[in-house]
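Visitor: sharing a sequence plus its predicted fold:
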Amino acid sequence: MSDSIIKSLGAGSGIDTANLVSSLVEVERAPLQNRLDTKEAKLEAQISAYGTLKSSLSELQGALAPLADNDTFNGRSVSFPETDVITPNSVDPGAQTGTYQIEVVDVARAQSLASSAYADKDAAIGASGTMTISFGKWTYNGSNEPTSFATNDEKAALNITVEAGDSLQDIADEINDAEDADIQASVLLVDGQYQLLLTAPSGVSNAMQITTSADGSDNGSLVDFEFNSTNFSTTTETQQGTDAELKVNGLTVYRDTNDISDVIQGFDFTLNKADPGQSYTFAVNEDKGVAEQAIRDFVEAYNLFYETAENLTKYTTDEEGNTVRADLATDGAAKTIVNRVRAMIGATVPGVDDAFTALTNVGVRTELDGSLTINEDDLQLALNDNFELIESLFASDTSSSSDKVKVSVGSYAQDTVPGDYNVVITQDPVKGAIEANAISNAAFDAAADDFSLLGGTLDTSLGDYRFVVNVDGTDSNEITLSGNYSTVEELRAELQSLINGDSNLKGAGAAVDITYDATTDKLLFTSRQFGDSSAVSFSGTTADAQTLGLADSGLTVTAGKDAAGTIDGTAAFGSGNVLLPELGSDPYGLNFIIEEGATAATAAAGGSLSINFSRGFAGELSNLIDDFLANTGTIKAREDSINSQLSGIEEDRENLDRKMEKLETRLYSQYLAMERIVSSFQNTGNQLDGILERLPFTASKG
């Protein structure tokens, strides 16, 4: 409406028409506006209330987390004397309880090797080739000179390629950068010259043997870096590797490290120095206090949640007797959430077959007002006499009727249905393997169980012992034997170390275990992986390598196989030694680890094995809360609905504004027309004023 029109209103009638129009529009708008404001306030209050409910559910779920953790029920504490000989580091849940007398007879030390001296650590050493570092145990003569080396087949050898332009520092860097090298290499300045210092992992079986091979170029040899039974004068041993020796309750134990974690199960401690003849007492005790406190914390958290939820969903009466509704009192979804949580509190936990199947078994009671209380006598009785049943009540539990089938919980276990399942194994998992031919090399006496020599040692550096091995579809680099072996066992260990240390195989995660059958005089190469893709084969075997039984073809091959079977009568998916239930089935989310011999165990058990899975009370309630809080859950759906209604209110406001604007325009138009009519009447009146005096032939009175 233009200003000129507004200004013209009231000009004829004298009425404040503009104010009258505004008042009429406001009267028309008010009830509609109030309804929208009331609805908006209610919806915003519901959004805020759902935020409070979500926060309360999250806090309750946080209190459930310790109860869902099996470690909570395997708490341990350790008491120990004040000493600088032994440092206790940690005690794990489930650690073996008991009192232990520990005496440190000796500590573990690491072998160190020092190279000959160089004037410049950054100048090229003028040699190239391959440096092979093997790990194992040295035998020494009376002069502490290394005489024989037994390879540690559990540690892969390290192959370092040295270029002609590499310096002492370059070699140190390459060793340190090698994946899983487990060697500390440094260049030290000693008396004005530089030496390469190599430090192995501690322990007598982690000592280093260094052999080298030329690369066929005219560059110099790396022989000065060798440390083996025939060459140990240029690279010298500055410290021998030794094992830690300790006595635990009188039992002598050796370890290759001073960080001890596997002597007393679950108790980790460090040996700082030797103190022979002196024992120190350590006690590992069961600690039930963590579990008890977790139960009490849950009860407190639930009561806080329930109080919050009640305040959000209940009806109350004010002082005047009027009914007051909470923000979610009429919200069916919110009430359903509260009711489902309450129902689970008093329900039997699905999948639990033990004597403790509900919260009442540990003294947790539901009062008439809906809150929880603890019967102290019942709780203490459960803690003292049935502690293991408390764990199965609250935390997840998987069990199997056979040690040949183990069960673990996968990443999709939130949908797994708790209960018992029948498992039938029809195919054991198989690792791919290849059996070599009988060893024909005359250096070894196949008939001797102790692998004694037939005529001296096998010095592979005098021959050409090369081959390529393919493990699980990956070809190794060329494997070259260059050592001196007194027994077949030494050869076996060296082969396993070299193969598993190959960079190609390590990069693919492939490895083998090698065994020797003295009866057949054959080496067996077995992949460490199960399954159809597991396989071992050879190529490029030289004539000398063939004397060890290796060959490119004609060997006895064992094909790898995936495990196979059914779960509750439905075929499972086999991958290596793992069986996975059918997608979407009740047990889906569980992983079944199948051991060799599982088919025999199935037959011995009458045709099927039994598996049980329970999520426990804490897991079930936490899973329910996850469903409520999920992006596709009940609360998100309600919030989306409320926000949609709020958006609709904004649209209704815009429509109301347009409607009132039209009403205002119409009223202005109507009153403007009225003003024009009034103005017209006024003009006409003005024109008629004195008309009689102006009429002709009209006499005027004097």
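Guide: Thanks, I have the structure now. Numbers count the residues shown, from 1 in each chain.
Visitor: list the contacts of the residue nearest to residue 575 when sequence neighbours are not counted.
Guide: Distances taken as C-beta to C-beta, 6 or more residues apart in numbering place residue 562 nearest to residue 575, at 5.9 Å, with adjacent residues excluded. (Glycine included, C-beta is placed from N, CA and C.) Applying C-beta atoms under 8 Å, 6 or more residues apart in numbering to residue 562 gives the contacts 427, 429, 530, 531, 532, 574, 575, 576.
Visitor: any quick ChimeraX command for the buried ones out of these?
Guide: Burial among the contacts of residue 562 is assessed by 16 or more other C-beta atoms under 10 Å; the matching ChimeraX selection reads:
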select :429,530,531,574,575,576
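Visitor: out of the contacts of residue 562, the closest to residue 234 would be?
Guide: Using C-beta to C-beta, residue 530 is the member of the contacts of residue 562 that sits closest to residue 234, with 46.0 Å.
Visitor: phi, psi of that closest one?
Guide: Per-residue torsions, residue 530: phi -90, psi 160 (degrees, to the nearest 10).
Visitor: now do residue 78
Guide: According to degrees, to the nearest 10, residue 78 has phi -130, psi 140.
Visitor: wait, doesn't residue 393 sit right on residue 364?
Guide: No: the criterion here is C-beta atoms under 8 Å, and residue 393 misses it with residue 364 at 10.2 Å.
Visitor: more neighbours: the two, which one.
Guide: residue 393 (26 against 23; other C-beta atoms under 10 Å).
Visitor: residues in contact with the more buried one?
Guide: 349, 352, 354, 356, 357, 358, 359, 361, 362, 616, 617.
Visitor: ok, 6 Å please
Guide: Contact analysis of residue 393 by C-beta atoms under 6 Å, 6 or more residues apart in numbering lists 356, 617.
Visitor: and what of residue 214?
Guide: Neighbour list for residue 214: residue 129 [criterion: C-beta under 6 Å, 6+ apart].
Visitor: what score does it have for pLDDT?
Guide: Here the pLDDT value assigned to residue 214 is 81.
Visitor: that one and residue 462, how far apart?
Guide: Distance, residue 214 to residue 462, using C-beta to C-beta, to the nearest Å: 15 Å.
Visitor: packing partners of the host helix or strand of residue 99?
Guide: Using DSSP states H and E, residue 99 maps to strand 98-106. Strand 98-106 sits against strand 244-248, strand 279-286, with contacts defined as 3 or more C-beta pairs under 6 Å, 6 or more residues apart in numbering; DSSP states H and E.
Visitor: hey, which of the ones you listed is tucked in deepest?
Guide: With neighbours defined as mean count of other C-beta atoms under 10 Å, these peak in mean count at strand 244-248, which reaches a mean of 19.
Visitor: paired strands for that one, with orientation please.
Guide: Using DSSP bridges, strand 244-248 pairs in its sheet with strand 98-106 (antiparallel), strand 251-255 (antiparallel).
Visitor: make CSV from those strands and add distance to residue 656, mean neighbour count and mean pLDDT to it.
Guide: Formatted as CSV, these follow (distance: least, C-beta to C-beta, whole Å; neighbours: other C-beta atoms under 10 Å; pLDDT from 0 to 100):
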stretch, distance to residue 656, mean neighbour count, mean pLDDT
strand 98-106, 79, 17, 96
strand 251-255, 82, 14, 97
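Visitor: could those strands go into JSON lines alongside distance to residue 261?
Guide: As requested, the strands paired with strand 244-248 are exported to JSON lines (distance: least, C-beta to C-beta, whole Å):
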{"stretch": "strand 98-106", "distance to residue 261": "14"}
{"stretch": "strand 251-255", "distance to residue 261": "9"}
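Visitor: closest one to residue 54 among those strands?
Guide: The nearest among these, by C-beta to C-beta, is strand 98-106 at 46.6 Å.
Visitor: can you state the direction angle for the closest one and strand 279-286?
Guide: Per axes from the mean of the first three to the mean of the last three C-alpha atoms, to 10 degrees, the angle that strand 98-106 makes with strand 279-286 is 150 degrees.
Visitor: ok, the helix or strand following strand 98-106: who's next to it in the sheet?
Guide: Per DSSP H and E, strand 98-106 leads on to strand 110-114 as the next helix or strand towards the C-terminus. Within its sheet, and counting by DSSP bridges, strand 110-114 is paired with strand 193-202 (antiparallel), strand 236-239 (antiparallel).
Visitor: what residue lies at the spatial centre of the chain?
Guide: Nearest to the geometric centre of the chain sits residue 411, at 9.5 Å (C-alpha atoms, centre = their mean).
Visitor: for the residue nearest to it when sequence neighbours are not counted, give me its contacts.
Guide: Using C-beta to C-beta, 6+ apart and skipping residues adjacent in sequence, the residue nearest residue 411 is residue 589, 7.8 Å away. Contacts for residue 589 (C-beta under 6 Å, 6+ apart) come out as 410, 412, 413, 415, 416.
Visitor: ChimeraX command for the buried members of these?
Guide: In ChimeraX syntax, the buried subset of the contacts of residue 589 is picked out as below (16+ other C-beta under 10 Å):
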select :413,416
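Visitor: reformat the contacts of residue 589 as CSV; add pLDDT and distance to residue 32.
Guide: Shown next, in CSV, are the contacts of residue 589 (pLDDT from 0 to 100; distance: C-beta to C-beta, whole Å):
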residue, pLDDT, distance to residue 32
410, 86, 57
412, 85, 51
413, 84, 53
415, 87, 48
416, 92, 53
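Visitor: for the contacts of residue 589, which one is nearest residue 435?
Guide: Nearest to residue 435 among the contacts of residue 589, with distances taken as C-beta to C-beta, is residue 410, at 35.9 Å.
Visitor: is the closest one in contact with residue 591, as I believe?
Guide: Yes: if you go by C-beta atoms under 6 Å, residue 410 and residue 591 touch, sitting 4.8 Å apart.
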